[in-house]
Every structure is written in structure tokens, then in C-alpha cells.
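> one predicted model, sequence on top.
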Amino acid sequence: MLKTSLLVPAFSKFSSLACIKSDLIYKNPYNRLKQYLEVPVLEKDNIFSPDVETIFAAQELFIPNRFHSIKFITSGIGPEKFPNHDLPEVILMGRSNVGKSSLLKAIFRNVPSLLIRTSKKPGHTKTAQFFQIGSKLCIVDMPGYGFNQPEWIEDVLESCIKRKNCVRTFLLIDGKVGVLESDEVAIDMLESFRAPYAIVMTKIDKTADSRLLRNILHLKNVKKSSVYCYAQPFMISSHTYEGLGNLLAFIGHITGNLELRNTKSISSE
Ligand SMILES: Nc1nc2c(ncn2[C@@H]2O[C@H](COP(=O)(O)OP(=O)(O)O)[C@@H](O)[C@H]2O)c(=O)[nH]1
Ligand SMILES: [Mg+2]
């Protein structure tokens, strides 16, 4: 197989992705953690592991052009404000300050017209914000729960997650902090809605591997009885983009926009 370091410059030369800073975006942080344990970190070892070409194709989805516009469409706290369309939707939810907006910013880094505000102050986003990616899919940024959460937090989460368009909810957990009680409540909620969801551990650039591993293993216990959680947590840095490619390939695939090549099955929930 081609080495990533050879492939990235080759691709960049011929494509609009010349802005790639490094090949961290193609890395799966899970492979780094694996070396510390003699047994697999997860029960099903590394079930989603797209190759570089697949990740590259996934990134192209998030680059606008004349026929493919990427834009903010609407925001609201109830169904009357939500869009009426047939696009598949994925939702980003998590505690205030966990890195939802930063992840969006990283996903849309090639869309300078989209101004996404991140903040050190928790509780900045109060409504569900819908972003449309051409005629392909929609990403929804949710208000954070926990500190400074809006009083309508449960209602807005429920009405978004239960929409027929919603194909997956991503529950973001701070990689350094790990699962808190409020995250366990969120997990219970998703399970009670029977909503397929996946965990995303954020901020891995500022988390020591030992701590990340500890938090992943703790997570494994928390979701022992879960039915609707995807078996493999994603790990990302929205600052260095490490692990981001894996997540984009997953989003592309579950929304029916990306065929997987040389990738192990993701049918397992
Ligand atoms: N080092 C690092 N900081 C991050 C990352 N993601 C978010 N942050 C920081 O965490 C804070 C909250 O991020 P934000 O995206 O606004 O969180 P939100 O409330 O969940 O939308 C900001 O100061 C971000 O710069 C990351 O991947 N790495
Ligand atoms: Mg935010």
C-alpha cells in the first residue's frame, strides 16, 4: 500500500486540497493507543479504518464549488423552525465547551464564507444550527448541556434526534476530562430514543495518551449495556486535525455519499 506521506503531496498537487497542513488528518489515533495494551483496546478491534484514498474522497465532500454550495441554512429550538427537506442529517451534541463548534470549524475549514464561532465561555450556542452540504447532507450543531445550558435543552435535543432525517448523532466527550455524569445522562437519553449514535473524543492534541486511554477504557464500561452506540469511538483534534479524516469518511458513508474501499465492515452498531 502507498505510504500516506507520498500520497498526500501527490494529491495536493492536483486538487483543491492544497491547503492540507500535514498528514495528521489521515491518522487514526486508535493505532497509537493500541501499542500500550496487549489486549485490544475495544472488543471489536479497529472496525472502521478507511484507507487514504477513501479519506481523501470524504474530504472532497466538504469543499464547495459552483455546483456544490456549503452554507448555514437555519437555526431554531423547535420543529417549526427546522428545515423541511429530504437530506440525511447528522447531529453534533455534547457538554458546553467540549468542542462542537471547533469540530464544525475543522470540517468546514475550506469554506471561508462560513463564520463559525468557538468560545472559551461555555453555553454560547442556544439553538440548533443547520448547515447544508450541497444536495448531500446536513450537519446540525446543538446547544451544549451542562454549564449555562438553555432551559429548552432537552426539548431541542429530542426534537432534532427524533427527526426522520437524522441518521446518526455524534456525542462529543472531552478526551482529557472523560465521561461525566451529564454525559451518562445523555447516553441514557440516546438509548431511550433508540437513536444510533457514536462517541467522539475531542481535544486529543492536548491529552496525554495515558489519559486518553484511561478515558476510553472507562467509556467502555459506561456503555457496556448500550445497544445503539457504535462500537468504536472516534478520536479527533480540531486543532491539528488528527483523526478528522476517519470521522469525515464515516459521515460520508453513513449519509450514503461515500463508498468504502479496503475498509472493514461498519455494519456493527
Ligand atoms: N487544544 C484544543 N482545544 C480545543 C479543541 N476543540 C475545542 N477546543 C477549545 O475548547 C474551547 C471550546 O470549544 P468550542 O468549540 O467553542 O466548544 P462548544 O461549546 O462545544 O461549541 C475553545 O477554547 C476551543 O479552542 C481541540 O481539538 N484541541
Ligand atoms: Mg458551540
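That came through, no problem. Numbers count the residues shown, from 1 in each chain. Ligands and ions are numbered 1, 2, ... in the order given.

> could you check which residue of the stretch 101-250 of the chain lies nearest ligand 2?
Ser101 (3.3 Å; CB to the ion). Where C-beta positions appear, they are placed from N, C-alpha and C, glycine not excepted.

> can you tell me the SS state at the closest residue to Ile77 other than its chain neighbours?
Excluding the flanking residues, the one nearest Ile77 by CB to CB, 6 or more residues apart in numbering is Val156, at 4.7 Å. Look at Val156: counting by DSSP: H, G, I helix; E, B strand; the rest coil, its state is helix.

> what residues does this structure put near ligand 1?
Within the chain, the positions near ligand 1 by CB under 6 Å from any ligand atom are 94, 96-102, 118-120, 122, 124-125, 144, 202-203, 205-206, 237-239.

> which of those residues fall in helices?
Among the residues of the chain next to ligand 1, the subset assigned to helices under DSSP state H consists of 100-102.

> and the residues you listed as CSV, adding pLDDT and distance to Leu244?
As requested, those are exported to CSV (pLDDT from 0 to 100; distance: CB to CB, whole Å):
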residue, pLDDT, distance to Leu244
Lys100, 95, 14
Ser101, 91, 15
Ser102, 94, 11
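
> just among these, which is most surrounded?
The member of those surrounded by the most neighbours (other CB atoms under 10 Å) is Lys100, with 28 neighbours in all.

> wait, that residue sits on Thr125?
Yes - counting by CB atoms under 8 Å, Lys100 touches Thr125, with 7.3 Å between them.

> overlap of the contact sets of the two?
Jointly contacting Lys100 and Thr125 under the rule CB atoms under 8 Å, 6 or more residues apart in numbering are 141-142, 144.

> gap between the two ends of stretch 71-80?
End-to-end distance for stretch 71-80, by CA to CA, to the nearest Å: 20 Å.

> circling back to that earlier point, please, a ChimeraX command that selects the buried ones among the residues of the chain next to ligand 1?
Per 16 or more other CB atoms under 10 Å, the buried members of the residues of the chain next to ligand 1 correspond to this ChimeraX selection:
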select :94,96,97,98,99,100,101,102,124,125,144,202,203,205,237,238
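
> same list (the shared contacts of Lys100 and Thr125) but as TSV, adding distance to ligand 2.
TSV is the format used below for these (distance: CB to the ion, whole Å):
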residue	distance to ligand 2
Asp141	6
Met142	9
Gly144	6
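
> Pro40 and ligand 1, how far apart?
25 Å (CB to the nearest ligand atom, to the nearest Å).

> next: Ile187.
Relative to ligand 1, Ile187 is positioned 17 Å away (criterion: CB to the nearest ligand atom).

> let me see the contact set for that residue.
171, 179, 222-223, 226, 229.

> so of the residues you listed, which ones are in helices?
Judged by DSSP H, these include Val222 as members of helices.

> flag the least confident of the contacts of Ile187.
Taking the contacts of Ile187 together, the minimum pLDDT is found at Lys223 (75).

> so what's the residue nearest to that residue when sequence neighbours are not counted bridging to?
Nearest non-adjacent residue to Lys223, counting by CB to CB, 6+ apart: Cys229, 5.0 Å away. With DSSP bridges as the criterion, Cys229 is bridged to Tyr197.

> Cys229 touches Ala195, doesn't it?
No - using CB under 8 Å, Cys229 is not in contact with Ala195, being 9.9 Å away.

> which stretches in this structure count as strands?
Remark: strands assigned in the chain by DSSP state E are 70-76, 89-94, 128-133, 137-141, 166-174, 197-202, 234-235.

> same list (the ones in helices among the residues of the chain next to ligand 1) but as TSV, adding distance to Asn215.
Converted to TSV, those look like this (distance: CB to CB, whole Å):
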residue	distance to Asn215
Lys100	18
Ser101	22
Ser102	18
